[in-house]
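**Student:** Task: produce atomic coordinates for the following.
(chains A, B, C and D)
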Number of protein chains: 2
Amino acid sequence: MDQVPTRHKPAAEAIAELIAVLVAVTDGEPRVLTIDRARALPSGPFEPTHRSLQAGMRSWVEQQTHHPLGYVEQLYTFADRDRTAMGQRTVSVSYLGLTREVRASGEPGVGWQSWYRYFPWEDRRGPDTEGVAADIDARLRAWAEAGVDAPARRERLRRIGITFGQDGRAWNEELVLQRYELLWEAGLVPESPQAANPVPGEPMTHDHRRILATGLARLRAKIKYRPVVFELMPPRFTLLQLQRTVEALAGRLLHKQNFRRLIEQQDLVEETGDATTETGGRPAKLFRFRRDVVAERAVTGSKLPLAR
Amino acid sequence: MDQVPTRHKPAAEAIAELIAVLVAVTDGEPRVLTIDRARALPSGPFEPTHRSLQAGMRSWVEQQTHHPLGYVEQLYTFADRDRTAMGQRTVSVSYLGLTREVRASGEPGVGWQSWYRYFPWEDRRGPDTEGVAADIDARLRAWAEAGVDAPARRERLRRIGITFGQDGRAWNEELVLQRYELLWEAGLVPESPQAANPVPGEPMTHDHRRILATGLARLRAKIKYRPVVFELMPPRFTLLQLQRTVEALAGRLLHKQNFRRLIEQQDLVEETGDATTETGGRPAKLFRFRRDVVAERAVTGSKLPLAR
DNA sequence: ACATGAAATGCTCATATAGAGCATAACGGA
DNA sequence: TCCGTTATGCTCTATATGAGCATTTCATGT
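**Tutor:** Predicted structure coming up:
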C-alpha cells in the first residue's frame, strides 16, 4: 500500500563542498574575502567531523583565512556541471557572511578585495560611472544584433534593457546575477565558453564569480528589508558613515536627509551622547545599533490588506 | 605563494538528496503533495544522470507522483544530523514548487493534503480559529514556567509573545518555521526528543514537517513582493477567487476592497471581457494574469531613498 | 412583478511613506 | 571674521495604505 519509498535506488555518491562569500565594508568600499591571490573564495569539502553545513563552512574560513566571521546565512546550492568527476558530482553549498574587516591575517594569498574589482559595472556611485555602462551597453547591443532572427534579437534587446536599465527603464541594483549571466551568454566575460574580448572585471576560479554575484544580489536585496547593514558597522558610527556603507553595497548614492529620516523613524539606532569631529565640518552625533529593538519586532513589511 | 588550496584533504563523500514541497490551492484550501500516505514529501537521491539539482528533483516528483510541476525555486539545504550513515552524511536540497492540482494520479499513497493538517495553528481565517491558538498558548506558557531560572523563563515568554503574536504584538504569518521550532523545543510535537502530549497537527517522516514549514514561510513571505500567486490560479479567475487563494496561503482574511485596489493598481491582471455568475450574487468579471508585464519590470520595491 | 440575499464594484477620508529641496547650525582653518 | 564642509531641521507634494459606506446587478422565492 504505502510502498512508495523515499529512496528506491542505491544512493549515488557526491561530494558536498562549502563556499563562503564573506563581506565587509572598509573606507566606503565593499570588500570580499578571497584566497588564492584574489582568484577564489574560501571553500572546502563538507566532512563527517563537521557538526553542520554552516559549522563546516566556518571551519574552512577559519582554517584558510584566520578571519572571524559573524552574521551568516545560506546563499544557494548548486551542482556544478563542469566539475563532474566520473560518476561523482560536486554539490556546492554557498554561504553569505557579514563582518568587519580585520587586518593582518598574514596568510599568503589571502586578502580583502573590492568587489567592484570583479564587477566594475555594478558601481554606479559618482556621475562618471556611467561611462563603464555605456561601453558594456554598446557591446551588448552588438551581441543582440548578432541574434539568429528578428524575434531573438528583439528578446536580447529587451533583456539588455531590463537588466542594464536602458530604454527609459530604471537601473535595478538587485539584478547583479542577471547582468553577469547576460554578459556570460554574450561571451563578454573570460569564463564564458565563447569568450572573446571580455569587458573589464576580473574572473575567478571555477564558478566563484557567479557565486559572488549571487551574494551581492542577495545582500543588495536584503539591506532593504532587514537591518543587516549594522553587522558591517563598528559599535559606534555617524549616520553619514552608515549611509556610505549602504551606498557602497547598493552601488548607488542616496538622498542624505531622507536616509536619516528613514533610519531614525525606524528606531533602529540610538544616540550614544557623544559626537565626533573627525568627519570635518559640524561634529556628527555618534549612534549605536539597538539590537534589542530588532529582537522585539520580527520586522516584516505587511503589504497585504488585512481585514479587521 | 598561492598554495592555499581549495581542497587539501581527500574529499569526504556524502549523499545528496532532493526533496520537493509542491503546493497547490484547491477550493480555497492550500495543499501539499505527499507520498507514503500523507507521511512524506516526494524525494530521492541526486544521481549522476540528473542534469542539475532541479532536474533531479523534477524527475523524482514525476516518478513518484506523476504530477506535472511548473514554477520551482530552491528552498534550503541542510545536513540532517540524525541521518548519519557511518562516515557518510546526507545533504538534503529542498525545493518549493507551485502548481495547480491535477486529480487522478492513481499512485498508491500519493495525494494532496491540506497543509493545515500538519500546522492547524497556522490557519487564522475565520473568527473561531483563535481557539486553537489559545490552547497552544497556554501550553507554551506552562513550558515557559518550567525554565531553569528567571531570565530563561522571561526569554521563553518573549519568544512566545513574538512568534505567536501575544502581549499586544500582532500575529506575523511569516513566522511559520519559528513557531514550529518553538513547539519542537517545548516538546509539544511528536518528533521532538522530549515529546509528551503533543498539540494537534500530524507529524511527517524524518524532518519533512520542518521542511514543509520552511516552504510555507517562504511562500507566505514571497506572495507579498512577487506575483507568484498566479502560478496557482487557473487561466481565468475572479478577483475574489484570487483573494481566497491568497487568504488560503496567508492563513488570514483580507480586506476585499483594498485587495482589489492593490491588484488593479499593480496592473498585473487584465479583464477577459467575460464574467461569471457561478459565484452567486452579482456576476464577477473574469481576469487573466499579464505575464508580459511581469517580464517587463523586474518588480523589486525600492525602499532606499535614492538621490537624484 | 417585486422583495431579498449575496456578491461585485465604486468612492471617500484620514493617516502613513516616499521623493525633493530649502534653510540653519556648528566646526576647523585661512 | 569669512569660508568651506558636514550635520540637522523642516516643509511640501504625490502616493500608498487602512477602514468603511454606498451602489449595482444577478438569482431566487413569493
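**Student:** Pull the contacting residues for the residue of the stretch 1-150 of chain A found nearest DNA strand D.
**Tutor:** Taking C-beta to the nearest atom of the strand as the measure, the point where the stretch 1-150 of chain A comes nearest DNA strand D is A:Gly28, at 12.0 Å. Any C-beta I mention is one placed from the backbone N, CA and C, and that applies to glycine too. Contacts were defined as C-beta atoms under 8 Å, 6 or more residues apart in numbering or on different chains; by that measure A:Gly28 touches A:Arg244, A:Thr245, A:Glu247, A:Ala248.
**Student:** can we see that at 10 Å?
**Tutor:** Each residue near A:Gly28 by C-beta atoms under 10 Å, 6 or more residues apart in numbering or on different chains is listed here: A:Arg125, A:Gln241, A:Gln243, A:Arg244, A:Thr245, A:Glu247, A:Ala248.
**Student:** ok, now A:Leu212?
**Tutor:** A:19, A:21, A:23, A:32, A:34, A:41, A:75, A:94, A:96, A:113, A:115, A:118-119, A:176-177, A:180, A:204.
**Student:** Next one, pLDDT for it please.
**Tutor:** Looking at A:Leu212, its pLDDT stands at 98.
**Student:** What separation is there between it and A:Leu33?
**Tutor:** 11 Å (C-beta to C-beta, to the nearest Å).
**Student:** swap in A:Asp80?
**Tutor:** Using C-beta to C-beta, which is the criterion applied here, A:Asp80 is 21 Å from A:Leu33.
**Student:** try A:Lys224
**Tutor:** Relative to A:Leu33, A:Lys224 is positioned 24 Å away (C-beta to C-beta).
**Student:** just to revisit the earlier point, and for A:Leu212 and A:Leu33, which residues touch both?
**Tutor:** Taking C-beta under 10 Å, 6+ apart as the criterion, A:Leu212 and A:Leu33 both touch A:Val21, A:Val23, A:Leu41, A:Gln113.
**Student:** and the first one, what does it touch?
**Tutor:** So that's A:Val21. Taking C-beta under 10 Å, 6+ apart as the contact definition, A:Val21 lies against A:32-33, A:41-42, A:75, A:94-98, A:115, A:208, A:211-216, A:218-219.
**Student:** Which residue ranges of the stretch 151-300 of chain A form strands?
**Tutor:** A:269-276, A:284-289 (DSSP state E, counting those that start in this stretch).
**Student:** winner for burial among those strands?
**Tutor:** strand A:284-289 (a mean of 18; mean count of other C-beta atoms under 10 Å in any protein chain shown).
**Student:** what packs against that one?
**Tutor:** Counting contacts by 3 or more C-beta pairs under 10 Å, 6 or more residues apart in numbering or on different chains; DSSP states H and E, strand A:284-289 is packed against helix A:239-250, strand A:269-276.
**Student:** roughly how far out does the last one sit from the chain middle?
**Tutor:** Spelled out, it's strand A:269-276. The gap between where strand A:269-276 is centred and where its chain is centred comes out at 30 Å by C-alpha atoms, centre = their mean, to the nearest Å.
**Student:** what do you get for stretch A:89-98?
**Tutor:** Here stretch A:89-98 is found 13 Å from its chain centre; the criterion is C-alpha atoms, centre = their mean.
**Student:** Kindly report the same for stretch A:209-222.
**Tutor:** On C-alpha atoms, centre = their mean, the centre of stretch A:209-222 falls 3 Å from that of its chain.
**Student:** ditto for stretch A:110-117
**Tutor:** The chain centroid and the centroid of stretch A:110-117 are separated by 12 Å, computed with C-alpha atoms, centre = their mean.
**Student:** How about that stretch and chain B, any contact?
**Tutor:** Yes. In this structure, stretch A:110-117 sits against chain B according to C-beta under 10 Å from any C-beta of the partner chain; the contacting residues are A:Val110.
**Student:** Return the set of buried residues in that stretch.
**Tutor:** If you call a residue buried by 16 or more other C-beta atoms under 10 Å in any protein chain shown, then stretch A:110-117 has these buried ones: A:Val110, A:Trp112, A:Gln113, A:Ser114, A:Trp115, A:Tyr116.
**Student:** Can you give me the end-to-end span of that stretch?
**Tutor:** In stretch A:110-117, first residue to last residue: 16 Å (C-alpha to C-alpha, to the nearest Å).
**Student:** Kindly report the same for stretch A:99-114.
**Tutor:** Its start and end residues considered, stretch A:99-114 measures 14 Å (C-alpha to C-alpha).
**Student:** now that stretch: mean pLDDT?
**Tutor:** When pLDDT is averaged over stretch A:99-114, the result is 85.
**Student:** Just the buried positions in stretch A:137-144, please.
**Tutor:** For stretch A:137-144, the buried set under the neighbour-count rule, 16+ other C-beta under 10 Å, comprises A:Asp137, A:Arg139, A:Leu140, A:Arg141, A:Trp143, A:Ala144.
**Student:** what does that stretch rub up against?
**Tutor:** Counting by C-beta under 10 Å, 6+ apart, residues outside stretch A:137-144 touching it are A:121, A:130, A:152-161, A:163-166, A:179, A:182-183, A:185-188, A:197-199.
**Student:** so A:Gly251 touches A:Phe119, yeah?
**Tutor:** Yes. Contact status for A:Gly251 versus A:Phe119: in contact at 8.7 Å, counting by C-beta atoms under 10 Å.
**Student:** Need the overlap of contacts for these two.
**Tutor:** When contacts are counted by C-beta under 10 Å, 6+ apart, A:Gly251 and A:Phe119 have A:Val176, A:Leu216 as shared neighbours.
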